[in-house]
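# Give me a 3D structure for the following:
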Amino acid sequence: MTISKIFLPIILFILTIAAGFWVSKNGKPYNTGIFTLHKLLALAAVILAAIVIAGLVKAVPLQSVIILLLVMASLSVVALFATGALMSIQKTVDSVWLFIHRIAPFLLASSVGTILYTLLKK
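So this is what the prediction gives:
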């Protein structure tokens, strides 16, 4: 697997974050077009990243560290989708959901980055 295959999920992740800032800047009620773009970019980034990582994982024996990082990345994705949904249906944004939604991208990026680094160095 070539390194170029990881660039599209990375670009989509960056665009997702940019669209998230755009959604946040416009405030509630969320602009439907921007919010939909944000959700679709996030979904595409997750799917493509999963495909790339699955291809890399098949090539090497799994280590417990990689399994732990995969669990952390998966939980981060679930947290992002869940908190995004909760914030979109509530009239006011609960500060706990917003905090989780702001921290989870860093956990996701660091866990996926470490997974990719570990798998690509082999």
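# export stretch 74-85 as CSV, just CAs?
Written as CSV, here are the backbone C-alpha positions of stretch 74-85 (Å, rounded to 0.1, in the frame of the first residue of the first chain):
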residue,chain,number,x,y,z
SER,A,74,-13.3,3.9,17.2
LEU,A,75,-14.5,5.4,20.5
SER,A,76,-13.4,8.8,19.4
VAL,A,77,-15.5,8.5,16.2
VAL,A,78,-18.5,7.3,18.1
ALA,A,79,-18.1,10.2,20.5
LEU,A,80,-17.9,12.7,17.7
PHE,A,81,-20.9,11.4,15.9
ALA,A,82,-23.0,11.1,19.1
THR,A,83,-22.1,14.5,20.5
GLY,A,84,-22.6,16.1,17.1
ALA,A,85,-26.1,14.6,16.9
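# Measure how far that stretch is from the centre of its chain, please.
Between the centre of stretch 74-85 and the centre of its chain there are 8 Å (CA atoms, centre = their mean, to the nearest Å).
# Tell me how confident the model is about it, as a mean pLDDT.
Averaged over stretch 74-85, pLDDT sits at 95.
# which parts of it are buried?
Ser76, Val77, Ala79, Leu80, Phe81, Thr83, Gly84 (16 or more other CB atoms under 10 Å). The way it works is simple: take the backbone N, C-alpha and C, and place the C-beta from them, glycine included.
# can you check stretch 52-63 too?
Neighbour-count burial for stretch 52-63, counted by 16+ other CB under 10 Å, picks out Val52, Ile53, Leu56.
# So for it, mean pLDDT?
84.
# Tell me where the model's unsure across the protein.
Where the chain drops to pLDDT under 70, the residues are 1-3, 122.
# Could you point out the longest helix of it?
Taking DSSP state H as the criterion, the chain has its longest helix at helix 32-59.
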